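Engineer: need a structure here:
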Amino acid sequence: MARSNRALPPALLLLLPALLLPCGVAALDNGAARRPPMGYNTWYDLGGGDNLNESAIRATADAMVSKNLLAAGYRWLNLDDGFIAPKPKPKDNNTTLGSEPDGESLPDPGGRLPNGSLAENRAKFPSGMGALSAYLGSRGLALGLYTARGRLTCCGLAGSLNHEREDARRLAIDWNASYIKMDSCHGTPPDPRGSPPGTAAIAQYRNFSQALNATVRYTPRPHGLFLFVCNFPMRFFLTLSRAGHG
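Structural biologist: Here you go, the predicted model:
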């Protein structure tokens, strides 16, 4: 076969040396996540509607153990959006939280007790989230839970904006979650003018992260505590990685 004498494109010649350079990663060396936290998430299976309920979660936990998934390292059973209590429907639908800075008018999601703590949906989880967490623990599994950085979750339930400390305590202490997914639905306010994409989101994620650290600092965590950031659009991730949160 004849050899080609074509030269490599200039762009590729510039790229090759860069690929040989060592790469650095910003990460905490605190012993956590030496292996990736593996498990099951309800969103693509049960969704956020009526199929997400206590019976289904207990059955899933039993199946994970009986099928030896726990033995293979799949320890977390993570409830995605849909377990927080909705607000009872009023006679009129005009109750809102007011207009967001970007003009979005959001309904009052309810889902909170008089002291500001999140309330689970007792119609779907009659034993309560604490009892469910204890059941998972008895099976050797760990509970994962969900919130969002905005006022509402993707399902229109209560989000954590301006409730970071209450929600950190509720999820990680009262309900003993060791894995928390924080979504980006209704993640307002927008970025300050002239700032990199994701500036406002990073501040909100940082607020919740700091609230978690303050909440669980002196609490034994046999499975550790993981905060998973779910955000969009894709251009945000470049800003997040530059900030050392990747």
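
Engineer: excluding covalently adjacent residues, which one is nearest to Gly48?
Structural biologist: Distances taken as Cβ to Cβ, 6 or more residues apart in numbering put Gly82 closest to Gly48, at 2.9 Å, once the chain neighbours are dropped. (C-beta placed from N, C-alpha, C; glycine too.)

Engineer: same thing with Ala158?
Structural biologist: Computed as Cβ to Cβ, 6+ apart, the closest residue to Ala158 that is not its neighbour in sequence is Gly111, at 3.5 Å.

Engineer: picking up where we left off before, and the gap between the residue nearest to Gly48 and Pro190?
Structural biologist: Between Gly82 and Pro190 the distance, using Cβ to Cβ, to the nearest Å, works out to 27 Å.

Engineer: what average pLDDT does the lengthiest strand in the chain get?
Structural biologist: Using DSSP state E to define each element, the chain has its longest strand at strand 142-148. Strand 142-148 shows an average pLDDT of 97 in the prediction.

Engineer: output the contacting helices and strands for that strand.
Structural biologist: Using 3 or more Cβ pairs under 8 Å, 6 or more residues apart in numbering; DSSP states H and E as the contact definition, the elements that strand 142-148 packs against are strand 38-41, strand 74-78, helix 129-138, strand 179-183.

Engineer: in the protein, where is pLDDT below threshold?
Structural biologist: For the chain, the stretches with pLDDT under 70 are 1-33, 90-106, 218-220, 232-246.

Engineer: what do you get if the cut-off is 80, keeping everything else the same?
Structural biologist: In the predicted model, the chain carries pLDDT under 80 at residues 1-35, 89-107, 187-191, 197, 216-223, 231-246.

Engineer: re the thing from before, JSON lines please, covering the helices and strands packed on strand 142-148 and showing distance to Asn121 and mean neighbour count.
Structural biologist: Converted to JSON lines, the helices and strands packed on strand 142-148 look like this (distance: least, Cβ to Cβ, whole Å; neighbours: other Cβ atoms under 10 Å):
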{"stretch": "strand 38-41", "distance to Asn121": "18", "mean neighbour count": "16"}
{"stretch": "strand 74-78", "distance to Asn121": "17", "mean neighbour count": "21"}
{"stretch": "helix 129-138", "distance to Asn121": "9", "mean neighbour count": "17"}
{"stretch": "strand 179-183", "distance to Asn121": "17", "mean neighbour count": "24"}
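
Engineer: Asn207 is nearest to which of these?
Structural biologist: If you check each of these against Asn207 by Cβ to Cβ, strand 179-183 wins as the nearest, at 10.4 Å.

Engineer: for the most centrally placed residue in the chain, list each beta-bridge partner.
Structural biologist: The central residue of the chain, meaning the one whose C-alpha is nearest the mean C-alpha position (Cα atoms, centre = their mean), is Lys181 at 1.3 Å. Under the criterion DSSP bridges, Lys181 forms beta bridges with Tyr146, Phe228.

Engineer: what's the angle between the longest strand of the chain and strand 74-78?
Structural biologist: Between strand 142-148 and strand 74-78, the angle comes out at 40 degrees (axes from the mean of the first three to the mean of the last three Cα atoms, to 10 degrees).

Engineer: pull the CA atoms of strand 142-148 into CSV?
Structural biologist: Once non-C-alpha atoms are left out, strand 142-148 reads as follows in CSV (Å, rounded to 0.1, in the frame of the first residue of the first chain):
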residue,chain,number,x,y,z
ALA,A,142,-28.8,4.1,51.4
LEU,A,143,-31.5,6.7,50.6
GLY,A,144,-31.1,9.4,48.0
LEU,A,145,-33.5,12.3,47.7
TYR,A,146,-34.1,15.2,45.3
THR,A,147,-34.6,19.0,45.4
ALA,A,148,-34.2,21.9,43.0
